[in-house]
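Enquirer: return atomic coordinates for the entry below.
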Amino acid sequence: MSTERTEVQVRPGVEGDLVSLTGLYNHYVRETAFTFDTEIFTPEERRPWLLSHPVDGPHRLMVAVTPDSQEILGYATSSPYRAKPAYATSVETTVYVSPHAGRRGVGTLLYEALFEALSGEDLHRAYAGIAQPNEASARLHERFGFRYVGTYREVGRKFGRYWDVAWYEKPL
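Expert: Okay, the predicted model is just below:
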């Protein structure tokens, strides 16, 4: 695993990544209940999302790429937790890894880079909602100091059934 991890670079996401990032996210929209979006996106529809994650500040987008081809292997974000001003020091984090890049430590590298980038920001808590079941995501978040705080039961409907979301929090 360590050999494969060295073949991955993590950097801030840029506009040139938009098509690949959209394709990766659309895989999760089409194939999983890990996101509750139900319709795929065009890159233009995803552009506001990408632009809401600048290279500095509390709302970041980090991408994992292969050094040679710059193929995107995954991404992690910190986004506003809620829109109201009192939530400004809280972020919601998420990570998506390309299906062919799983079990290579990509998620770990992404979260290491994301939390390092956030370390100087005026943030108090990070939250993560994990659609159930998803043991791999729960393990990743727990390794980074997230603690389980509760479950919203049957909060989302996708693929003709209801899904639970387990919520985790981490002090920053």
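Enquirer: Ala64: which element?
Expert: Using DSSP states H and E, Ala64 maps to strand 61-65.
Enquirer: which parts of that strand are buried?
Expert: 61-65 (16 or more other C-beta atoms under 10 Å). In short, each C-beta sits where N, CA and C put it, glycine included.
Enquirer: likewise for stretch 11-19?
Expert: 13, 17-18.
Enquirer: among the residues you listed, which lie within strands?
Expert: Of these, none are assigned to strands by DSSP state E.
Enquirer: show me what whatever helix or strand Trp167 lives in is packed against.
Expert: Using DSSP H and E, Trp167 sits in strand 161-171. In terms of contacts (3 or more C-beta pairs under 8 Å, 6 or more residues apart in numbering; DSSP states H and E), strand 161-171 is packed against strand 125-131, helix 135-143, strand 147-158.
Enquirer: deepest of these, which one?
Expert: strand 125-131 (a mean of 20; mean count of other C-beta atoms under 10 Å).
Enquirer: follow-up on the earlier one: with distance to Ala113 and pLDDT added, can I get the buried residues of strand 61-65 in CSV?
Expert: Conversion of the buried residues of strand 61-65 to CSV gives the following (distance: C-beta to C-beta, whole Å; pLDDT from 0 to 100):
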residue, distance to Ala113, pLDDT
Leu61, 11, 98
Met62, 5, 98
Val63, 9, 98
Ala64, 8, 97
Val65, 12, 96
